[in-house]
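# mind folding the following:
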Amino acid sequence: MKAYWKEQLLAQSDDTIMVENNHYFPPESLDMKYFITSDKTSRCPWKGTANYYSINVDDDVNKDAAWYYSEPKQAAMDIKDRIAFWRGVIIIE
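From the prediction side, this is the model:
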């Protein structure tokens, strides 16, 4: 699977985990030069607290467009530290 935004490859992996129609990429599959740590968090009843990254491609920022669970609840341990995308990031096979 590959994650793109603004035609830039952000992540690529043969080892994504699908949860609620989202591909969760392993952290080592990301090209971290495009990711900015965000202060945003959100809460999922069964996964726990999500943290976010904004994505920066050619000085165009997609705010809070990637999320991950660094300390998920037990039911979501399979996606611990894996990153999923939204807000226009395209996932293709």
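# ranges for the strands of the chain?
Assigned by DSSP state E, the strands in the chain fall at 2-5, 8-12, 17-19, 22-24, 35-44, 48-57, 60-68, 83-85, 90-92.
# can you check what angle separates the fifth one from strand 48-57?
If I follow you right, that is strand 35-44. Counting by axes from the mean of the first three to the mean of the last three CA atoms, to 10 degrees, strand 35-44 lies at 150 degrees to strand 48-57.
# mind listing what's buried along strand 35-44?
For strand 35-44, the neighbour count (16 or more other CB atoms under 10 Å) marks 35, 38 as buried. Any C-beta I mention is one placed from the backbone N, CA and C, and that applies to glycine too.
# packing partners for it?
Judged by 3 or more CB pairs under 8 Å, 6 or more residues apart in numbering; DSSP states H and E, strand 35-44 is in contact with strand 48-57, strand 60-68.
# and the strands of the chain: which comes nearest Ala75?
Nearest to Ala75, of all the strands of the chain, is strand 48-57, at 8.9 Å by CB to CB.
# what's the angle between the closest one and strand 8-12?
For strand 48-57 against strand 8-12, the angle by the same axes, to 10 degrees is 140 degrees.
# quick one: strands adjacent to strand 48-57?
strand 35-44 (antiparallel), strand 60-68 (antiparallel) (DSSP bridges).
# and the longest one, how far out from the chain middle?
Computed by CA atoms, centre = their mean, to the nearest Å, the chain-centroid distance of strand 35-44 equals 10 Å.
# over to stretch 53-67?
With CA atoms, centre = their mean, you get 11 Å for stretch 53-67.
# let me see the mean pLDDT of that stretch.
Taken as a whole, stretch 53-67 carries a mean pLDDT of 98.
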